[in-house]
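In: Need the 3D shape of this:
(one chain, ligands or ions: 1)
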Amino acid sequence: MYNKYCTKSKQSSFFWIFSIVLIFAACRTKPTAPPYTIVQSVVEDSCMVVAGQPLASKVGVEILRQGGNAVDAVIATQFALAVVHPRAGNIGGGGFMVVRMADGAADALDYREQAPAAARRDMYLDSTGTVVEQLSKVGHLAVGVPGTVAGMEAAFNKYSQLKDWKALLAPAIKLAAEGYKITQSEADRLNKFKEQFEKYNENAAPFVRKQPWNMGDLLVQKDLARTLTRISDRGAKGFYEGETAGLIVAEMQRGGGLITLEDLKNYRIKWRAPIVSNYKNYKVITMPPSSSGGVALSQMLEMIEPFPIADYGFQSAKAVHVIAEAERRVYADRSKYLGDSDFYPVPIDSLLDSTYLAMRMADFDPAKAAVSDSLSSGNFKRVESFETTHTSIVDSEGNAVSVTTTLNLNYGSKVLVEGGGFFLNDEMDDFSAKPGVPNFFGLIGAEANAIEPGKRMLSSMTPTIVEKDGKLFMVLGAPGGSTIITAVLQTFLNVAEYKMPLDKAVAAPRFHHQWLPDEIKVEPTAIDTLERKKLWDMGHHLHEVKRMALIKAVQVLPDGKLHGAADPRNPDDHAEGF
Ligand code: GLY
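Out: Numbering: from 1, shown residues only. Take a look at the predicted model:
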């Protein structure tokens with residue numbers, strides 16, 4: 001009897017241990033297939049959305065199917081990105097939107113963050129006048145007053161066809177409340193930043209949990225769902241006033257941040273005239289300050305136009321030399337003259353003046369690299385950061401929208417609004433903390449981009465729309481910090497000059513010069529060995545980096561169909577349409 005019982009008990013224990021091991025193993029096994037089908041290049045008949053996360057692209061497509069126009073679709077996509085792409089999609093950050101309606105009317109919306117009223121020019125300097133590097137990059141003091149929700153409301157009021165604000169918020173609320181399966185890249189980022197989330201937050205749930213995140217795990221964001229519901233119910237007031245505003249200010253006070261209820265109430269978007277320039281038979285419509293992107297892109301195009309770069313050959317030393325020398329000069333101008341034009345008299349007309357641009361290239365030597373001014377190249381981490389996100393949309397009427405939005409670095413300041421469920425930006429690092437001292441992206445600024453209360457920090461975001469022979473031709477933009485502008489430039493040139501299909505143009509390896517540091521950054525497969533040697537012989541310094549900027553683009557093909565192309569550098573980029 002005893003033996004029998006003992007045998008049974010052993011069998012039973014074995015069964016339970018075996019079951020527990022199996023369950024544990026099943027829980028630990030990483031799913032091998034991505035949770036979504038990701039399409040990076042597709043041609044469709046009438047509508048196209050290209051965004052940085054497949055679920056967000058699908059939300060945009062769904063709004064287009066419901067009869068929304070491109071602006072409706074981009075608003076819904078932006079809110080969805082705030083849920084499914086928390087490292088860059090946001091309600092705690094800001095961005096820029098370029099619109100071209102089917103009748104050709106173009107507009108630009110600036111919903112960039114503003115410095116809080118208590119911000120001061122020297123707020124990131126210690127008593128010896130040295131920049132305390134981390135202060136503008138992580139933690140509460142790095143946060144600018146967010147602009148995204150005000151931006152979305154302004155775009156809705158001016159351009160919505162659906163005229164149903166709640167319908168645009170509904171998909172994001174559902175994704176936040178019910179959860180969604182995270183991608184591998186999101187799992188990797190959440191694991192990588194766990195310590196920082198814990199450092200800057202008393203409670204970093206739901207982004208921090210005991211076990212590491214895996215692809216396919218469900219991320220549920222109840223607090224964020226409630227915040228989005230308040231925005232759905234009250235519009236921008238559901239963010240800048242009432243409970244959400246209270247939560248943001250409480251968070252600021254918890255960590256020594258500057259943003260007050262007044263700052264939130266006083267936040268203002270700006271509708272601006274886009275920068276419009278011509279390159280051969282193309283018209284380029286792009287973003288004015290407070291982004292430097294549009295001015296810089298237009299300057300580069302005009303400087304490059306006189307050179308037959310197509311005859312020189314794609315990424316021949318001759319072509320790279322011309323483009324890099326234009327980039328060098330333009331980034332030097334950026335550092336001195338570009339800033340928020342509401343605070344500083346940015347000489348936009350002079351910078352885009354043809355005589356000035358010709359003069360700027362007058363000392364171009366076809367055989368020799370110039371030398372960047374040695375003002376100060378400083379030291380900065382060579383980190384390739386892409387923690388901004390871009391969406392390009394064309395609807396069935398031919399309306400087009402190009403939107404780039406950001407928290408700045410991954411998950412912004414890493415500060416999560418307790419009870420609000422969203423990350424706050426660290427956009428203050430895009431100001432020049434001190435003349436000549438580079439920011440995270442190695443960009444140097446001066447007076448034009450010095451910190452002032454209410455001012456917008458200079459950006460490189462370059463949401464762009466291109467016409468060819470008067471008709472909509474291309475919609476493009478990218479995340480990628482300082483490399484955004486040169487990535488947009490090269491993608492456009494790849495199509496316009498090198499006649500590449502859009503997906504090849506987006507995928508093609510890139511290079512980048514930003515004046516300081518005085519080097520051409522090159523992706524590993526950019527510029528073949530022989531051409532690299534010629535560039536070294538001309539006096540260029542080449543520095544290899546893993547990757548640069550993540551373009552999302554739409555092209556109108558000659559038969560009127562739309563080609564959507566996402567960037568293979570980002571496994572989550574997804575193009576979808578119908
Ligand atoms: N935060 C990066 C940019 O705006 O350029």
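In: residues in the stretch 51-200 of the chain within reach of the ligand, list them.
Out: Counting by Cβ under 6 Å from any ligand atom, the stretch 51-200 of the chain comes close to the ligand at no residue. The way it works is simple: take the backbone N, C-alpha and C, and place the C-beta from them, glycine included.
In: what residue ranges in the stretch 351-500 of the chain are flagged as low confidence?
Out: Residues of the stretch 351-500 of the chain meeting the criterion pLDDT under 70: 373-386.
In: The ligand contacts on that one?
Out: Checking the stretch 351-500 of the chain against the ligand by Cβ under 6 Å from any ligand atom, the hits are 388, 406, 408, 427, 430, 459-461, 481.
In: one more time with 8 Å
Out: Within the stretch 351-500 of the chain, the positions lying close to the ligand (Cβ under 8 Å from any ligand atom) are 388, 404, 406, 408-409, 427, 429-430, 441, 457-461, 481-482, 484.
In: Next step: the residues you listed restricted to helices.
Out: Ile484 (DSSP state H).
In: what ranges do the strands span in the stretch 351-500 of the chain?
Out: Assigned by DSSP state E, counting those that start in this stretch, the strands in the stretch 351-500 of the chain fall at 388-394, 400-406, 464-468, 471-477.
In: The stretch 1-150 of the chain: helices as residue ranges?
Out: 2-28, 54-65, 70-84, 148-159 (DSSP state H, counting those that start in this stretch).
In: where among these is the average confidence lowest?
Out: For the helices of the stretch 1-150 of the chain, mean pLDDT drops lowest on helix 2-28, to a mean of 47.
In: So Asp426 is in contact with Ala142, correct?
Out: Yes - Asp426 lies in contact with Ala142 (Cβ atoms under 8 Å); the separation is 3.7 Å.
In: Touching both of these two, which residues are there?
Out: 136, 412-413 (Cβ atoms under 8 Å, 6 or more residues apart in numbering).
In: which one of those sits closest to the ligand?
Out: Nearest to the ligand among these is Gly412, at 9.5 Å by Cβ to the nearest ligand atom.
In: check contacts around the closest residue to the closest one other than its chain neighbours.
Out: In space, Gly412 comes closest to Asn425 once its chain neighbours are excluded; the distance is 4.1 Å by Cβ to Cβ, 6 or more residues apart in numbering. Shown in contact with Asn425 (Cβ under 8 Å, 6+ apart): 90, 92-94, 113, 142-144, 146, 406-408, 412-413.
In: any chance of those in JSON lines, plus neighbour count and distance to Val322?
Out: Formatted as JSON lines, the contacts of Asn425 follow (neighbours: other Cβ atoms under 10 Å; distance: Cβ to Cβ, whole Å):
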{"residue": "Asn90", "neighbour count": "30", "distance to Val322": "37"}
{"residue": "Gly92", "neighbour count": "31", "distance to Val322": "41"}
{"residue": "Gly93", "neighbour count": "31", "distance to Val322": "35"}
{"residue": "Gly94", "neighbour count": "31", "distance to Val322": "34"}
{"residue": "Glu113", "neighbour count": "32", "distance to Val322": "36"}
{"residue": "Ala142", "neighbour count": "25", "distance to Val322": "38"}
{"residue": "Val143", "neighbour count": "32", "distance to Val322": "41"}
{"residue": "Gly144", "neighbour count": "33", "distance to Val322": "37"}
{"residue": "Pro146", "neighbour count": "30", "distance to Val322": "40"}
{"residue": "Thr406", "neighbour count": "31", "distance to Val322": "30"}
{"residue": "Leu407", "neighbour count": "33", "distance to Val322": "35"}
{"residue": "Asn408", "neighbour count": "32", "distance to Val322": "32"}
{"residue": "Gly412", "neighbour count": "31", "distance to Val322": "37"}
{"residue": "Ser413", "neighbour count": "30", "distance to Val322": "39"}
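In: Need these in a markdown table (columns: distance to Met287).
Out: Output for those, formatted as a markdown table (distance: Cβ to Cβ, whole Å):
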| residue | distance to Met287 |
| --- | --- |
| Asn90 | 18 |
| Gly92 | 21 |
| Gly93 | 16 |
| Gly94 | 12 |
| Glu113 | 15 |
| Ala142 | 23 |
| Val143 | 23 |
| Gly144 | 18 |
| Pro146 | 18 |
| Thr406 | 13 |
| Leu407 | 18 |
| Asn408 | 17 |
| Gly412 | 21 |
| Ser413 | 24 |
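In: and the residue nearest the centre of the chain, what is it in contact with?
Out: For the chain, the residue nearest the mean C-alpha position is Thr388 (2.2 Å; Cα atoms, centre = their mean). Thr388 is in contact with 88, 404-408, 461, 478-481, 484, counting by Cβ under 8 Å, 6+ apart.
In: Pull up the residues of the stretch 201-350 of the chain that are close to the ligand.
Out: 291-293.
In: re the thing from before, tell me the one of the shared contacts of Asp426 and Ala142 nearest Ala317?
Out: Ser136 (38.1 Å; Cβ to Cβ).
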